[in-house]
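*Asks:* Sequence and predicted model, in that order:
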Amino acid sequence: MDFSINYLDLLKYCYGLGSFHGINTLEAARNRLYTLVRNLKDCCLLLDCPHNSEDCHMHDVVCDVATLIASKDHNMIIVRDDDGLKERLDVDVLKRCKELSMHGGDFHELPDEMECPELRFLYVDGGDHSLQIPDTFFQGMERLEVLDFTQMQLSSLPLLRNLLTLCLDGCVLDDIAVIGKLKNSVVLSLLGSQISKLPKEIGFLSHLRLLDLSNCSKLEVIPPNVLSSLVALEELYMGNSFVRWEAEGLNNERNNANLPELRHLSHLTTLEIHIPDASNLPKDLLFEKLERYVIFVGDVWDWSDKTKGLLQLKELEIRECSIMGAIVVKEGEIEDTDMILFPKLRCLALRDLPKLISFLSAQNSFITAFGEIISDGKLDFYVPILHE
């Protein structure tokens, strides 16, 4: 069976490991990553995912060879099942191990202690949330830089001061206030986790570059001024997540985050949020460096398919954007299945858009070896704006 991985996960790992020397910003790291992935695809070592443009595939034969090379030349251990776990985690092998990946969801227990003085990357997939972590498990992992726990139940977290990337995707989370002590962290991902309140201590992560709260559907409380404290943040993902934005200018003490806090995030290049009440949207909320965004306004949107919400759209106004060339942009070629109709649209206002030449376009771009994104400028008007 083919192996697949998400581009954003790759970015989280590579940035935390410092894989791209001389690159400081997430945007530059993203461009460099896309260049490497494109080169691997040109060599047929990676494949496009036919159903999801956000993932890439690796053929099982290529995956087996890559695993063997990683094991022999880079001191990486990959364990897929409980079978052979103790044999693979030999004491001498662990002392040399730099990356350890345990996944498959069939583990019944983790070792009480692992002496891994060289370990920099640890991935554990708990499968069904039943896997328990011994209190002494992290002893001997002082150099750990990237930690990814997936599908696990966590009552607490260890204090790993050198940790740069922390991913707790799909986890059941209790007390994670210790995250606020991970002062050097640059990536924090809680994607799909069961958490109702974001700890206020996250506001202490002044070096954080990426925060992923996507699909945290139970998240109802983000304490005031937590988001505004993340002044280095470049990418913020909150799709299908927090929606309880408080209104601006409330006289009483706030209990939740409000949208004006985002004004302090001057480095944002990526933003995904949902704003159910348009009256809470500040008129002067500007992001000069924004490159990618998904901003849903209103209560009719469906994050599971971002185009379905367009079927309910009744009013659309876009104004004062000097760089917008198309309303909807699709990477790659446009096909007949890409028709997007607006059967309920009654009001369309497009103002001060000097470069707008198309509604739906195919914008093919490539990334040079220097990380520069270059577009071939192909913008083709393809579909009718309104349903007849």
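*Replies:* Yep, it's here. Being a predicted model, the structure only gives us computed values, none of them experimental.

*Asks:* Give me the below-cutoff pLDDT ranges for the protein.
*Replies:* Residues of the chain meeting the criterion pLDDT under 70: 1-2, 81-88, 104-108, 128-130, 250-252, 300-313, 329-342, 361-388.

*Asks:* Could you chop this structure up by domain?
*Replies:* Domain segmentation of the chain under automatic domain parsing yields 3-315, 316-388.

*Asks:* most packed of these?
*Replies:* Highest mean neighbour count among the domains of the chain (mean count of other Cβ atoms under 10 Å): domain 3-315, with a mean of 17. Glycine gets a C-beta too; all of them are placed from N, C-alpha and C.

*Asks:* Could you tell me the end-to-end distance of that domain?
*Replies:* Across domain 3-315, the terminal residues are separated by 42 Å (Cα to Cα, to the nearest Å).

*Asks:* before we move on, what about stretch 80-91?
*Replies:* Using Cα to Cα, the end-to-end distance of stretch 80-91 comes out at 19 Å.

*Asks:* Repeat that for stretch 203-222.
*Replies:* The straight-line separation of the ends of stretch 203-222 (Cα to Cα) is 10 Å.

*Asks:* Equivalent analysis for stretch 176-186, please.
*Replies:* End-to-end distance for stretch 176-186, by Cα to Cα: 17 Å.

*Asks:* Residues contacting that stretch, please?
*Replies:* Contacts to stretch 176-186, defined as Cβ atoms under 8 Å, 6 or more residues apart in numbering, come from residues 15-16, 154, 156-166, 168, 188, 195, 199-210.

*Asks:* What of stretch 247-262?
*Replies:* Taking contacts as Cβ under 8 Å, 6+ apart, the residues outside stretch 247-262 that touch it are 221-228, 236, 242, 244-246, 268, 271, 275, 277, 279-282, 285, 287.

*Asks:* longest single helix anywhere in this protein?
*Replies:* Assignment by DSSP state H gives helix 26-42 as the longest helix of the chain.

*Asks:* Partner strands of the following helix or strand past it and their direction?
*Replies:* Next helix or strand after helix 26-42 toward the C-terminus (DSSP states H and E): strand 47-48. Applying DSSP bridges to the sheet, strand 47-48 is found paired with strand 55-58 (antiparallel).

*Asks:* For R244, list the residues it contacts.
*Replies:* 220-221, 256.

*Asks:* what's the answer for S217, then?
*Replies:* The contact partners of S217, by Cβ under 8 Å, 6+ apart, come to 240-241.

*Asks:* do you know how far it is from L259?
*Replies:* Distance check for S217 against L259: by Cβ to Cβ, to the nearest Å, it reads 20 Å.

*Asks:* So H57 sits against D48, correct?
*Replies:* Yes: counting by Cβ atoms under 8 Å, H57 sits close enough to D48 to count as a contact (7.1 Å).
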